[in-house]
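>>> Pasted the sequence and its predicted model underneath.
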Amino acid sequence: MARQSETGSSTAEVAVLLPAVAILLAVVAGAGAVGGEQVRIQQAASAAARELARGSDSGTATGTAHRIAGGQISVSCGQSGGYGHVVVRSGVHLPLLGEVELRAEASARTEQQS
């Protein structure tokens with residue numbers, strides 16, 4: 001009984017698994033990018049809401065949000081019922097999925113002026 005040669009079988013296995021490994025790495029990197037951006041825009045929304053709570057105008061709060069999260073975000077600010085409310089939106093482009101839209105919001109109670 002003659003044994004068949006297994007020469008090249010490792011190359012074939014790598015060729016089959018390489019696309020799956022590349023896709024897995026892309027998904028992990030994309031999840032990290034989305035998570036990092038979400039944390040960044042949440043911090044921006046919180047800081048902008050604190051600015052509104054201190055009595056700053058919406059322009060100052062928007063500037064704070066842009067300073068923290070960058071210029072590619074959209075910020076909407078408002079005050080009602082004794083609270084400053086801020087919504088920050090941003091998008092992350094993922095190679096396999098396209099654009100992912102992220103949203104963060106924060107509210108802070110306005111300080112009493114004495």
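Nice, thanks for sending it over.

>>> Strands of the protein, start to end?
Taking DSSP state E as the test, the strands found in the chain are 74-80, 83-94, 98-109.

>>> Could you work out which of those reaches nearest to Leu18?
Ranking the strands of the chain by proximity to Leu18 (Cβ to Cβ) places strand 83-94 first, at 20.4 Å. (C-beta placed from N, C-alpha, C; glycine too.)

>>> partners of the closest one in the sheet?
Here strand 83-94 has these sheet partners by DSSP bridges: strand 74-80 (antiparallel), strand 98-109 (antiparallel).

>>> just checking, Val75 touches Val87?
Yes. Using Cβ atoms under 8 Å, Val75 makes contact with Val87 at a distance of 7.3 Å.

>>> Could I get the buried residue list for stretch 25-35?
Gly30 (16 or more other Cβ atoms under 10 Å).

>>> Give the rounded mean pLDDT of it.
For stretch 25-35, mean pLDDT is 90.

>>> and what of stretch 46-54?
Here the average pLDDT along stretch 46-54 is 95.

>>> Which other helices and strands does the lengthiest helix in the chain contact?
Ranked by residue count under DSSP state H, the longest helix found in the chain is helix 9-53. With contacts taken as 3 or more Cβ pairs under 8 Å, 6 or more residues apart in numbering; DSSP states H and E, helix 9-53 sits against helix 58-69, strand 74-80, strand 83-94, strand 98-109.

>>> Right, I'll call it a day here.
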